[in-house]
Each structure stands twice: as C-alpha cells, then as structure tokens.
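1. need a 3D model of the following:
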Amino acid sequence: MDTFTRLITDWYRQNKRNLPWRHTSDPYLIWISEIILQQTRVDQGMKYFLKFKKNYPTITSLANASEDSILNDWQGLGYYSRARNLHYTAKFIRDNYGGIFPSVYKEIIALKGIGEYTAAAISSFAFGQNYAVVDGNVFRLLSRVFNVDMAIDTNEGKKYFQSLANELIDPTNPAIHNQAIMEVGALVCTPKKPNCLNCPLSHMCLAKANNTIHALPVKAKKTKATERYFHFLIFQNNTEIVIDKRIDKDIWQHLYQFPLVESDSFATPNVDFFKLNHTVSKEVNHLLSHQKIRAKFYHFSAIPEELKDTWIKIPKGTIQNFPLPRIIDRYLENNEY
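-> Model prediction:
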C-alpha cells in the first residue's frame, strides 16, 4: 500500500497542525500528551499538556508530586483515573527504570494505563518503531476507505482493523505514517460532513463510491446512561465550609466534593440533615460517559457539631485549592464559597 502512505504523508506535510507534542521525541512528553488526549479534544487538551510539561518537566518530578497536586492540575478534564494512572506509572518508572521511560514495546504496554494504541504511539513517535496506531480517527478512516461494515467495538472488529493498519504502515517512517493517518481522520474524514473534496484518498475511497460514508464506522454496542441522584450538602458558617473526600472506587475517586447523600430519586432522603433549615438549588445535570448525574445543592447556615470521618472543615474561599469534580467546579463558578 505504498500509494496509501504516500498520499496521506504528502497531505500531512502540507496540512498538519502545529501541536507542541509533535516537536519532541521525548517518550515522557509523548506519553503525557497521549493520556491527556484520551477522551479529550485537542483544543481542550493543549493547555493541560503545557501545564503538565511546565509543572512536571520530568518523570521523576511527576512521580514525586502529591496526588492532590496532580488531580488539581487535571481538574476539568474528567476521567480522573487517567491522572491517577499517570502518577502510579511515573512512580513505577522512577522506581524500576531509574526514571528513564522504557523503549521496548512489551515493557511500554505493560505499564498501567497504557493500552495498544498508546503503546504504539509512544513506540513509533519516540523510538521510530514499526507499530501501527488505531484510534477513533483511524477506525473511521479505514472503515470508509475500504468500506468495512465490521463493528469497531467488537473484538473481531478491533483485530481486523489493527491487522489492516499493520499492513498499511510504512516501516521506513512509521511515526510520520501514524501521525498522517490520524490527522486525515481528524481533519478531513470527520464523523459528520467529511471533507471528501479535499481528501487525499477520495479517489480510492470505496465508501464514497458506494455512498455508504455516513453509515460508517459501525458500532455494535449502545449503552444507555444510568441516572444517579445526588444531594450535595453545603454546610458553612461565617468562616468555614465542609468538604468531603471521595474514597470509594467510583467516579471521582480521591477528589473532593460537598458532603453527599445519594438516593434513587429526587425525593428528599430520610436523613436527619434534611430536617435542618436549608434552601435548595435547582436541578444541575452532569453527563459522564455512561452516567447521568442529576444533582441538587442544599445550603445550610451552620456546621454540624459531629462530622463524618472523611469530612473536613476548611476556610471559606479555599475550596478551589482542592481537586474537584467538574460538577462542583461548575456550581462554584456561579456561587462563591
């Protein structure tokens, strides 16, 4: 498939975006960028990459940082397990590789939080190794160019597209090939309104010839979002406010929030706190990948004498010093505490 590679790489050299992680072969920075860009748009991820590069310039500096510091710098990106995995893996590399990022694919993919795509990206971009990347952009591009209606979210589909990508990759310059195929998918072969007129592969695109572009790629699974009802309790006096640290293995693990009562509806829970004088906010909705959080915030003008073990009193005005879920951060943007 020399023609395929030549077409996408020629296009890439003329049209690629100027992204900071493309100006380095440092596997640490490439790893940071790839983890940040998982489930994140490039324009949103850019500022986080630059922040992490500045605040944690080396693997050792990331490993030695506190978890709260890392989660705070991650705030707003969501999927906080990515940040915790970054921290864990940085400490593992510090302790087992002397702070030097491993260069062997099998060692890279064995690291926590790194799957096939990320391992291939690091191996090819940092070390010039012949591993093909397959992300959402590549799935979409390949399914359309070769008119493949195999579901991309099944084991069979994933293996097929990985095999196809392996056949197409240019072994003489895998880094440029991988960057190019993802860039064409991201900028030209977009999910909606693909720019076929300016696509370097338009003349060989079987989906275009068969008028099946908007039917591809195919997904087999459609997961319905689970609704959860959160009742956040804002206890405060003139000088202090109460927050809580989430310690259970659930969304937002290790982040801070207002004390929470979860129920199966918006009916006021049968908890003594709700018998105290309070006001309540309007409903606030927050969408996660497979969950819809429906929340209300209850305002109390006093702090209970006895606090639960994970509750802590902090000075008012300092809550933003703690890593917070986005739903709390959004609420604070419209309410001062």
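
2. so which residues of the stretch 1-150 of the chain form strands?
-> Counting by DSSP state E, counting those that start in this stretch, no segments of the stretch 1-150 of the chain form strands.

3. residue ranges with poor pLDDT in it?
-> Counting by pLDDT under 70, the stretch 1-150 of the chain has low-confidence residues at 1.

4. quick one: the helices in it?
-> In the stretch 1-150 of the chain, the helices defined using DSSP state H, counting those that start in this stretch lie at 2-15, 27-37, 42-55, 59-64, 67-74, 81-96, 105-109, 116-127, 136-145.

5. next, format these as a markdown table and append distance to residue 186 and mean neighbour count.
-> In short, each C-beta sits where N, CA and C put it, glycine included. Formatted as a markdown table, those follow (distance: least, Cβ to Cβ, whole Å; neighbours: other Cβ atoms under 10 Å):
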| stretch | distance to residue 186 | mean neighbour count |
| --- | --- | --- |
| helix 2-15 | 11 | 16 |
| helix 27-37 | 11 | 23 |
| helix 42-55 | 8 | 15 |
| helix 59-64 | 27 | 18 |
| helix 67-74 | 23 | 18 |
| helix 81-96 | 20 | 18 |
| helix 105-109 | 23 | 16 |
| helix 116-127 | 14 | 23 |
| helix 136-145 | 5 | 23 |
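
6. could you dump those into TSV and include distance to residue 257?
-> Shown next, in TSV, are these (distance: least, Cβ to Cβ, whole Å):
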stretch	distance to residue 257
helix 2-15	43
helix 27-37	23
helix 42-55	21
helix 59-64	25
helix 67-74	12
helix 81-96	16
helix 105-109	34
helix 116-127	29
helix 136-145	31
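
7. nearest to residue 248, of the ones you listed?
-> helix 81-96 (13.3 Å; Cβ to Cβ).

8. roughly how far is the closest one from the heart of the chain?
-> 16 Å (Cα atoms, centre = their mean, to the nearest Å).

9. ok, and what's touching it?
-> Residues from elsewhere that reach helix 81-96 (Cβ atoms under 8 Å, 6 or more residues apart in numbering): 32, 35-36, 38-39, 56, 59-60, 62-65, 67, 70-71, 74, 77, 99-102, 111-114, 253-254.

10. now do the phi/psi pair for the closest residue to residue 230 other than its chain neighbours.
-> Nearest non-adjacent residue to residue 230, counting by Cβ to Cβ, 6 or more residues apart in numbering: residue 295, 4.1 Å away. Backbone torsions of residue 295, given as degrees, to the nearest 10, read phi -120, psi 150.

11. okay, residue 295: pLDDT?
-> pLDDT, residue 295: 97.

12. my guess is it contacts residue 231. True?
-> Yes: counting by Cβ atoms under 8 Å, residue 231 is a contact partner of residue 295 at 7.5 Å.

13. which one of the helices of the stretch 1-150 of the chain lies closest to residue 212?
-> Among the helices of the stretch 1-150 of the chain, helix 136-145 comes nearest to residue 212, with 7.8 Å by Cβ to Cβ.

14. next, the angle helix 116-127 makes with that closest one.
-> Angle of helix 136-145 versus helix 116-127, following axes from the mean of the first three to the mean of the last three Cα atoms, to 10 degrees, is 100 degrees.

15. from the contact counts, what lies against helix 136-145?
-> helix 155-168, helix 174-187, helix 206-210 (3 or more Cβ pairs under 8 Å, 6 or more residues apart in numbering; DSSP states H and E).

16. buried deepest among those helices, which one?
-> By mean neighbour count, with neighbours taken as mean count of other Cβ atoms under 10 Å, helix 174-187 ranks first of those at a mean of 22.

17. pLDDT of that helix, averaged?
-> Helix 174-187 comes out at a mean pLDDT of 98.

18. so what touches that helix?
-> 5, 8-9, 11-12, 15-17, 22, 42, 120-121, 124-125, 128-133, 135-138, 140-141, 165, 168-170, 195, 199-201.

19. stretch 20-32 now?
-> For stretch 20-32, the surrounding residues in contact (Cβ under 8 Å, 6+ apart) are 16, 33, 46, 49-50, 52-53, 56, 58-59, 86, 101, 103, 114, 118, 121-122, 125-127, 179.

20. can you get me the start-to-end distance on that stretch?
-> Using Cα to Cα, to the nearest Å, one end of stretch 20-32 lies 12 Å from the other.

21. next one: stretch 184-194
-> Across stretch 184-194, the terminal residues are separated by 10 Å (Cα to Cα).

22. same check, this time on stretch 224-243
-> Stretch 224-243 has an end-to-end distance of 31 Å (Cα to Cα).

23. and that stretch, how far out from the chain middle?
-> Taking the mean of its C-alpha atoms, stretch 224-243 sits 24 Å from the chain's own mean (Cα atoms, centre = their mean).

24. buried residues in it, which are they?
-> For stretch 224-243, the neighbour count (16 or more other Cβ atoms under 10 Å) marks 228-236, 241-243 as buried.

25. now for the residues you listed, which pair is the farthest apart?
-> The distance between the two most remote of the buried residues of stretch 224-243 (Cβ to Cβ) is 24.7 Å, for 228 and 236.

26. coming back round to it: for residue 275, find the nearest of the helices and strands packed on helix 136-145.
-> Of the helices and strands packed on helix 136-145, nearest to residue 275 by Cβ to Cβ is helix 155-168, at 52.6 Å.
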